[in-house]
Each structure stands twice: as C-alpha cells, then as structure tokens.
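Peer 1: Output the structure for:
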Amino acid sequence: MKKIYYIIVLMLLIVSCKSKQKYQYQWTAAYKANVFCSCLKNLDVQLKNDSSPSLNFQILGNFNLINETDSLGKVYATIIKERNIWYKGGDLEGYNNIINGCLEFYQSKDLKILSKKRYKEVNKKH
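Peer 2: This is a model prediction of the structure:
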C-alpha cells in the first residue's frame, strides 16, 4: 500500500512540475510576443483584427508589464529606424526591414534571458 502511495505522490509532483514549466513557457512567450507586437506597432505596421495583445495581457495580467514590453518594443523600433538609413542610395532605398528587424529581437538571446528573469521576479511568490 505504501508503494502505491509513493507512486501517486511522485506522479503528482511530476505533473505539477510539467504544469509549472508550461505556464513559464506561455508567460515568457507572451512577454516576448508583446514586445514584438509593440515593435511592429511603433514602426506603423497595422495589426488589424489581431487579438494577440489582448491574449498576451490575459497571460501576463499586469498593466505594468504591458507598459514595460511596449517600452522595449519602442526602443527596438527606434534602433530599426536608424538601421534603415543603411539602405539609402541602394536598390532598397525607400524600403524598410521591419519584420526581419522585429523578429531578430523577438528571437534574440537577450530578450529570452530578460523574459525568463522577469518571469521569476513577477512569479517568485508562486
């Protein structure tokens, strides 16, 4: 009987850990996605009928975090605007490298590290 009890407890612990990992993944993905959406928005890309920001807010659940991700997106959008000066005088003059620029930051190691750090700070009581 004790064996069964230990097996059940072990299974519950494993399920609990997997659930926590899934929530961390969803949270950090929402954080990074909100930065990406902000980057696009601040480069005048229209996100018509896109519910992503609302869905991200439902996961993050904090206006301060939304403001934080929006600020990060604005900063990176400024960097992308400055990069576009490189295209002047060439075949790509008048075009912008918006999507690739925002995706580059979304996939960056820096944003991944920051999102995990913020997750731990915000969810330390859990």
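Peer 1: looking at the chain, which helix or strand is least sure?
Peer 2: helix 2-41 (a mean of 73; mean pLDDT, DSSP states H and E).
Peer 1: Skip ahead from that one and say which helix or strand is next.
Peer 2: Per DSSP states H and E, the first helix or strand lying C-terminal to helix 2-41 is helix 52-60.
Peer 1: Now do that following helix: which elements does it pack against?
Peer 2: Counting contacts by 3 or more Cβ pairs under 8 Å, 6 or more residues apart in numbering; DSSP states H and E, helix 52-60 is packed against helix 2-41, helix 63-83. Heads up, the C-betas are built off the backbone N, CA and C, glycines and all.
Peer 1: For that helix, list every residue counted as buried.
Peer 2: Pro53, Asn56, Phe57, Ile59, Leu60 (16 or more other Cβ atoms under 10 Å).
Peer 1: what do you get for stretch 96-113?
Peer 2: Asn96, Ile98, Gly101, Cys102, Phe105, Tyr106, Leu111.
Peer 1: so what's the residue minimising distance to the centre of the chain up against?
Peer 2: Most central in the chain under Cα atoms, centre = their mean is Lys32, positioned 0.9 Å from the mean C-alpha point. By Cβ atoms under 8 Å, 6 or more residues apart in numbering, the residues touching Lys32 are Tyr106, Leu111, Lys112, Ser115.
Peer 1: Then Lys116?
Peer 2: Gln24, Thr28.
Peer 1: Find the helix or strand that it is a member of.
Peer 2: helix 109-122.
Peer 1: With only the CA atoms kept, save that helix in CSV.
Peer 2: Coordinates of each C-alpha in helix 109-122 appear next as CSV, following Å, rounded to 0.1, in the frame of the first residue of the first chain:
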residue,chain,number,x,y,z
LYS,A,109,19.1,35.6,-26.6
ASP,A,110,18.8,39.0,-24.8
LEU,A,111,15.0,39.0,-24.9
LYS,A,112,14.9,35.3,-23.9
ILE,A,113,17.0,35.9,-20.9
LEU,A,114,15.1,39.1,-19.9
SER,A,115,11.7,37.4,-20.2
LYS,A,116,12.8,34.5,-18.0
LYS,A,117,14.3,36.9,-15.5
ARG,A,118,11.1,38.9,-15.4
TYR,A,119,9.0,35.7,-15.1
LYS,A,120,11.0,34.7,-12.0
GLU,A,121,10.7,38.2,-10.5
VAL,A,122,7.0,38.5,-11.1
